[in-house]
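Colleague: can't give you the sequence, but here's the structure:
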């Protein structure tokens with residue numbers, strides 16, 4: 001499985017955040033979860049998740065790792 005590395009501008013990421021909140025408020029939890037996975041994780045949080053669960057589980061979760069890869073480099077995606 002390939003990691004989710006789709007990049008967004010700050011405004012696009014903010015729009016995704018608003019969309020995620022709106023969908024949750026409407027009770028559309030499945031759709032909201034799909035949007036949440038597109039919002040790039042903050043590098044430090046992504047790294048904490050990597051340490052806790054491993055990079056394979058993180059990639060398989062579908063979470064957006066684009067900011068972490070920009071910050072730590074492509075080699076960050078490798079298992080330690």
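Modeller: Noted; the coordinates are in hand. From a predicted model like this one, the values you see are computed outputs, not experimental measurements.

Colleague: So what touches the helix or strand hosting residue 30?
Modeller: Counting by DSSP states H and E, the element that carries residue 30 is helix 29-38. For helix 29-38, the external contacting residues (CB atoms under 8 Å, 6 or more residues apart in numbering) are 4, 6, 8, 16, 19-20, 23-24, 61-64. Every C-beta, even on glycine, is put in place using the N, C-alpha and C of the backbone.

Colleague: Mark which of those are part of helices, please.
Modeller: Among those, DSSP state H puts 16, 19-20, 23-24, 61 in helices.

Colleague: how about the residues you listed in CSV, adding pLDDT and neighbour count?
Modeller: Below are these laid out as CSV (pLDDT from 0 to 100; neighbours: other CB atoms under 10 Å):
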residue, pLDDT, neighbour count
16, 97, 18
19, 98, 16
20, 98, 19
23, 98, 18
24, 98, 15
61, 96, 14
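
Colleague: Just put these in CSV and tack on distance to residue 43.
Modeller: Formatted as CSV, those follow (distance: CB to CB, whole Å):
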residue, distance to residue 43
16, 17
19, 23
20, 20
23, 25
24, 25
61, 16
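
Colleague: ok, so of the residues you listed, who is nearest residue 49?
Modeller: residue 61 (8.4 Å; CB to CB).
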